[in-house]
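> Give me a model of this one.
(one chain, ligands or ions: 1)
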Amino acid sequence: MFRGYGGRSEPGDNPFFQLKLAVLRGEIGAWSSLLSDPEPPAARYCAVRNRFKKRELSSLSECAWLVLTLPVMPELPEVEIVRRSLEPHMVGSRVVEVEARAIKLREGITPAHWSDRILGTRVIALERRGKYLIAKAERAAALFHLGMSGRMVLRRPEEPRAPHTHLVLRFDHGIEVRFIDPRRFGAAVVMDLDRLEAHSGLASLGPDPLDGDVEGALRAAGHSRSPIRSVLLDQSVLAGLGNIYANEALSRAGISPLRRASAIAPRRMRALADAIRAVLTDALEAGGTTLRDGGFVNAAGEGGYFSVNLAVYGREGEPCLRCGGSIVRRVLSGRSVFYCPKCQR
Ligand code: ZN
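Have a look, this model is predicted:
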C-alpha cells in the first residue's frame with residue numbers, strides 16, 4: 001500500500017498519493033485520531049512538505065500530517081457531501097459578516113464584490129452542478145470550486161482560522177462558513193444572479209451524472225474516437241466525473257478504459273451509464289456515513305475523506321475482485337488508468 005519513492009511525478013508513483021489513497025480506502029484507520037486534531041500550524045505543514053520534496057520522509061507518521069490535511073482531489077460525491085453538510089446551515093440564513101482576502105485563486109477573490117453583493121442577503125438555495133457549488137442569495141450568486149485542495153467548513157467564530165482561509169461568511173445564527181484552499185486551484189466568485197448561467201465554468205458543463213441524462217450524454221459522445229476514460233473525464237460530456245470514479249465505473253461495466261468510445265456497443269454504453277450512477281451512489285452513501293459520524297463538523301472539515309470500496313483504482317498488481325488476475329495500470333493523457341485486462345474489454 002505504501003510504496004517507495006518512484007522518482008516519477010505520475011500520481012500513481014507518488015508516495016503521498018499512495019497514502020492519500022490509503023486514507024480514502026480506509027486503510028489507515030489508526031490515523032483517524034489525527035483527524036480530530038485542529039488544523040496543524042502552517043509552519044509544521046510547510047516543514048513536512050519540504051521534507052517530502054527533499055525525500056527525507058520515510059515513515060507513515062511523518063507523512064500523515066500532510067496527507068491528512070490535503071484532501072484527495074474532490075470529485076462529485078465529495079462535493080455533494082459538502083453541499084449536504086452546508087445546506088442546513090446556509091439556506092434560509094442571512095449573511096451578517098463577510099471577510100474576504102484579495103487573492104488569486106483560479107478565479108480571484110475580490111473583497112468588495114463579496115461585501116457589495118452578499119452582505120445582508122439571505123441564502124435561498126445551495127446547489128451543485130458537477131463539481132461546482134452554487135449558493136443562490138436574494139440578489140447574487142456565489143460560485144465555489146474546491147479545485148485540488150479546497151475545503152468549505154463550518155466553524156464557530158471563536159475557533160482558530162486554518163492557514164489559507166481566504167473567505168469567511170458569518171451567518172445570522174452565528175456560525176461561519178470558511179473557504180480554505182492551500183494550493184489555490186479552487187474558485188470563490190460572487191456575481192449578480194442573472195450572470196450565473198453565462199459563467200464560463202458552468203456554461204460548458206454537460207449533464208450531471210446523478211440526476212441528468214447519462215445515457216443520452218454517452219450516446220451523444222458515442223461517435224468519439226477517444227478512449228472512453230477520456231470521454232468520461234470531459235466535463236462537457238458529463239459534469240463532475242473524475243478519474244477515480246471513471247475508472248471504477250468502467251470496471252463495473254466490464255469496459256476497458258482504453259477502448260474507443262465509438263467501438264462500444266450501445267448495450268454496453270447503457271451498462272456504463274448504470275455503472276456510473278451506481279459508483280457515485282455508493283460513494284455518496286459512504287460519505288453520508290462519515291457525515292453522520294462527524295456530527296457538526298462536516299466531512300470536508302475533517303479532511304474530506306470517506307471510506308469507499310475501490311475495485312481497481314490504485315490497486316495495480318493486486319488481484320481483480322472478480323477473476324483474481326492482476327490489476328494493471330497504464331498512463332493515458334498523463335493520468336492513470338487501472339483495469340483488469342481479463343474482465344474489461
Ligand atoms: Zn478480472
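> pretty sure A311 is touching A253, no?
No - in this structure A311 lies outside contact range of A253 using C-beta atoms under 8 Å: 11.3 Å. Where you see a C-beta, it was placed from the backbone N, CA and C, and this is true even at glycine.
> Excluding covalently adjacent residues, which one is nearest to the residue most central in space within the chain?
With distances taken as C-alpha atoms, centre = their mean, the residue of the chain nearest its centroid is P74 (0.8 Å). Sequence neighbours aside, L146 is the residue nearest to P74 in space, at 4.7 Å (criterion: C-beta to C-beta, 6 or more residues apart in numbering).
> how many neighbours does that neighbour have?
By other C-beta atoms under 10 Å, the residues close to L146 number 27.
> Who are the contact partners of it?
Shown in contact with L146 (C-beta atoms under 8 Å, 6 or more residues apart in numbering): 71, 74, 78-79, 82, 131, 133, 152, 181, 186, 300.
> List the buried residues for stretch 196-213?
Going by neighbour count (16 or more other C-beta atoms under 10 Å), the buried part of stretch 196-213 is 196, 199, 201-202, 205-210, 212.
> same question, stretch 98-117
Buried residues in stretch 98-117, counted by 16+ other C-beta under 10 Å: 98-100, 105-106, 109, 113-115, 117.
> For R329, which non-adjacent residue is closest in space?
Closest to R329 by C-beta to C-beta, 6+ apart is E316, at 4.0 Å.
> show me where pLDDT drops low in this structure?
By pLDDT under 70, the low-scoring segments of the chain are 1-73, 287-308.
> Past the longest helix seen in it, which element shows up next along the chain?
The single longest helix within the chain, with elements called by DSSP state H, is helix 266-294. Scanning forward in sequence from helix 266-294 by DSSP states H and E, the next helix or strand is strand 328-332.
> Is that next one positioned near the ion?
No - Strand 328-332 is not in contact with the ion by C-beta under 5 Å from the ion; minimum separation 10.3 Å.
> For the residue of the stretch 101-250 of the chain found nearest the ion, which residues are in contact?
Residue nearest to the ion within the stretch 101-250 of the chain: L250 (12.4 Å; C-beta to the ion). Neighbour list for L250: 228-229, 232, 256-257, 272, 275, 339, 344 [criterion: C-beta under 8 Å, 6+ apart].
> Who are the contact partners of E127?
E127 is in contact with 83, 133-134, 136, counting by C-beta under 8 Å, 6+ apart.
> Would you write a PyMOL line that selects the buried entries of those?
To isolate the buried members of the contacts of E127 in PyMOL, using 16+ other C-beta under 10 Å:
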select buried, resi 83+133+134+136
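> would you list the contacts of E127 in CSV and tack on distance to I264?
Listed next are the contacts of E127 as CSV, based on distance: C-beta to C-beta, whole Å:
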residue, distance to I264
R83, 32
L133, 32
I134, 33
K136, 38
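> Turn the contacts of E127 into a markdown table, columns for secondary structure.
A markdown table is the format used below for those (DSSP: H, G, I helix; E, B strand; the rest coil):
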| residue | secondary structure |
| --- | --- |
| R83 | helix |
| L133 | strand |
| I134 | strand |
| K136 | strand |
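> How about the residues of the chain by the ion?
Looking at the ion, the residues of the chain close enough under C-beta under 5 Å from the ion are 320, 322-323, 325, 340, 342-343.
> of these, buried ones?
For those, buried by 16+ other C-beta under 10 Å: 320, 340, 343.
> In the stretch 51-200 of the chain, what residue lies closest to the ion?
The ion sits closest to E75 of the stretch 51-200 of the chain, with a gap of 23.8 Å, by C-beta to the ion.
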